[in-house]
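In: Need coordinates for the below:
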Amino acid sequence: MPSRFTPVVALAVAVLIVWQQVVGLAWMQNRVVPLLPVGLWRAWIPMILLGLLVTAVSAIIARRRGSGTWALAGRVAGPVLALGPATVLAFQGRLVDPLFLWTYGLDVPTYTWPVVDVVLGTLLATALAATTARTLARTHRPTPA
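Out: Sure, this is the predicted structure:
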């Protein structure tokens, strides 16, 4: 059974992703500097938002109707859709816009970006693996003999 806060957190993260792009978390010369690069809006960010929506909806269905096959599929597919692309982008070094960090005075040297990318990608991959394993472990039901 998912936590009752799962839909709230998933939708809050989705709103934050859109907020940082439209309203902004940082500004430079009266222009919004998004945390996630603008080029990701073509395919990656919609997939991440879809994953967050699937996670929220499947958690609501699981809490209301119990953990059925569709709820389980959604609870596994949602994090995969949300965290999978983010993990790939982090390992490729395309998840965080360096200009965003520079706006806040964090001048990360070029030679340290690969380390930042690996650490961020590893954290996201670990979160994805832990979420999927936890979901599958909680829904495992022993078959009657």
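In: for this structure, which spans come out with low pLDDT?
Out: 140-145 (pLDDT under 70).
In: list the contacts for residue 99?
Out: Contacts of residue 99 were listed using C-beta atoms under 8 Å, 6 or more residues apart in numbering, and they are 28, 33. Quick note: C-beta positions are derived from backbone N, CA and C, even for glycine.
In: Kindly recompute the last result at 6 Å.
Out: By C-beta atoms under 6 Å, 6 or more residues apart in numbering, the contact list for residue 99 reads residue 33.
In: just checking, what packs against the lengthiest helix in the chain?
Out: Looking across the chain with DSSP state H, the single longest helix is helix 113-139. Judged by 3 or more C-beta pairs under 6 Å, 6 or more residues apart in numbering; DSSP states H and E, helix 113-139 is in contact with helix 69-92.
In: so how far is whichever helix or strand comes after the helix it packs on from its chain's centroid?
Out: Once the chain leaves helix 69-92, the next helix or strand it forms, by DSSP states H and E, is helix 98-103. Distance, stretch centre to chain centre, for helix 98-103: 20 Å (C-alpha atoms, centre = their mean, to the nearest Å).
In: Pull out the buried positions in the longest helix of the chain.
Out: Within helix 113-139, the residues that count as buried by 16 or more other C-beta atoms under 10 Å are 116, 117, 120, 121, 124, 125, 128, 131, 132, 135, 139.
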